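J.: Here you go, sequence then predicted model.
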Amino acid sequence: MLAIFKREFKSYFTTPIGYIILAAFYFFSGLYFWAIYGSGIPQVEYVISQLLSVSVFLIPILTMRLMSEDRRQKVDQVLLTSPVKLTSIILGKYFAAFAVFAMCFIPTIIFEIIVMSYVSVNIFTFLYALLGILLLGGALISIGMLVSSLTESPVISAILTLVINITISYMSAIAQMINVEWVSTAVSKLAFIDMFTNFGNEYFSLPDVIYFLSIIVAFLFLCVRALEKRRWS
C-alpha cells in the first residue's frame, strides 16, 4: 500500500493538478479569512464552512485520474496481475488523494493561530469544523474514486463526480419536494453534506463521525469489488 500511496501522491505534483488544487484552496481560504475576520468575526470555522462549496467543485479534479488514468494507459493490467492485494491498491490511491485534500486546509490552522494571538477562542469549535470537512472530503473522494473506476476517461469521471456532488448538495431540497414521507426521509438521509453543519456545534458527535466513516468504507468496498470484477473478467 505504501508504494501505491507514494506513486499516486507524487503523481499529483509531477502534473499541474496538485498545484492547481492547492492554489485554488489557498486563494479562497485567504479570501474568506480576509472577508470574515475583516468584518469582525474571529471564527476560522466560518472559513472552513465556506470552503465546502470549493471542495464540491475541486474534489472531482482530485479524483478523476485515480482509477481511470491507469485503465486508459493499460497500467491497471500490471496492478491487477501483481501479487498486491486489491484493498492495498484502493487504500493507497485513496490516502494519496486524501493527503492532498488535507494539505488544502493547512492555512486554516495558521489562521487559527493568528486569531488566538489576538482574542480568546474555543479551539474545539475549530477542530470539530476541521474534522467535519475532512470527513466530508473523505466521503466525496471515495465516491469520486468509484466513479473513476467505472470509466477510462478522466474528463467523464470528473463531470459525473461533479454532478453527483451537486446533487448531494441539493438533496435536502429534493427531499422536501417529495410528498411520500418515507421516501422523503430516506432521500434526506443521503444529504450527508448537510450533516457537515453539525460539526459547527461545540460538542463532539460520534454518530456523525461514524456516518461519514461508513460512507467512506462502503464506497471503497465498491471500488474493490469493481477492480475484482475486472481482474476476473
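T.: Looks like it arrived, so ask away.
J.: where's the residue lying closest to Thr197 once chain neighbours are set aside, which helix or strand?
T.: In space, Thr197 comes closest to Ser49 once its chain neighbours are excluded; the distance is 7.8 Å by C-beta to C-beta, 6 or more residues apart in numbering. To be clear about C-beta, it is placed using only N, CA and C from the backbone, and glycine gets the same treatment. Taking DSSP states H and E as the definition, one finds Ser49 inside helix 44-63.
J.: same check, this time on Val224
T.: Element membership for Val224, per DSSP H and E: helix 206-231.
J.: In three-state terms, how would the residue lying closest to Arg71 once chain neighbours are set aside be classified?
T.: For Arg71, the nearest residue in space outside its immediate sequence neighbours is Glu152; the separation is 4.9 Å by C-beta to C-beta, 6+ apart. Each residue gets one of three states, and Glu152 gets coil by DSSP: H, G, I helix; E, B strand; the rest coil.
J.: isn't Glu152 right up against Ser68?
T.: Yes. Counting by C-beta atoms under 8 Å, Glu152 touches Ser68, with 5.6 Å between them.
J.: the more surrounded of those two?
T.: Comparing Glu152 with Ser68 by neighbour count (other C-beta atoms under 10 Å), the higher total belongs to Ser68, at 24 against 16.
J.: Per-residue pLDDT of that one, please?
T.: The per-residue pLDDT reported for Ser68 equals 81.
J.: residue contacts, it?
T.: Neighbouring residues of Ser68 by C-beta atoms under 8 Å, 6 or more residues apart in numbering: 148-149, 151-154, 156-157.
J.: go with 7 Å
T.: Taking C-beta atoms under 7 Å, 6 or more residues apart in numbering as the definition of contact, the neighbours of Ser68 are 148, 151-154, 157.
J.: so what's the residue most central in space within the chain up against?
T.: Most central in the chain under C-alpha atoms, centre = their mean is Gly137, positioned 2.2 Å from the mean C-alpha point. Residues touching Gly137, when contacts are defined by C-beta under 7 Å, 6+ apart, comprise 55, 59, 101.
J.: check which helix or strand covers the nearest residue to the last one once chain neighbours are set aside.
T.: What it means is Phe101. If you skip the residues right next to it in sequence, Phe101 has Gly137 as its closest partner in space, 4.8 Å away by C-beta to C-beta, 6+ apart. Under the criterion of DSSP H and E, Gly137 resides in helix 123-149.
J.: Which positions in that helix come out as buried?
T.: 125-126, 128-149 (16 or more other C-beta atoms under 10 Å).
J.: same check, this time on stretch 7-14
T.: Burial within stretch 7-14, assessed by neighbour count using 16+ other C-beta under 10 Å, is assigned to 8-9, 11-12.
J.: got it, and stretch 108-125?
T.: Of the residues in stretch 108-125, those with enough neighbours to count as buried (16+ other C-beta under 10 Å) are 108, 111-112, 115, 125.
J.: now stretch 166-180, how far from the chain's geometric center?
T.: Relative to the mean C-alpha coordinate of its chain, stretch 166-180 is positioned 21 Å out (C-alpha atoms, centre = their mean, to the nearest Å).
J.: quick check: mean pLDDT across it?
T.: 75.
J.: Show me what it is in contact with.
T.: By C-beta under 7 Å, 6+ apart, the list of residues contacting stretch 166-180 from outside reads 56, 184, 187-188, 190-194.
J.: now do stretch 46-64
T.: Identification of contacts with stretch 46-64 by C-beta under 7 Å, 6+ apart yields 17, 21, 24-25, 28-29, 32-33, 36, 97, 100-101, 108, 111, 129-130, 133, 137, 140-141, 144-145, 148, 154, 157-158, 161-162, 165-166, 169, 196, 200.
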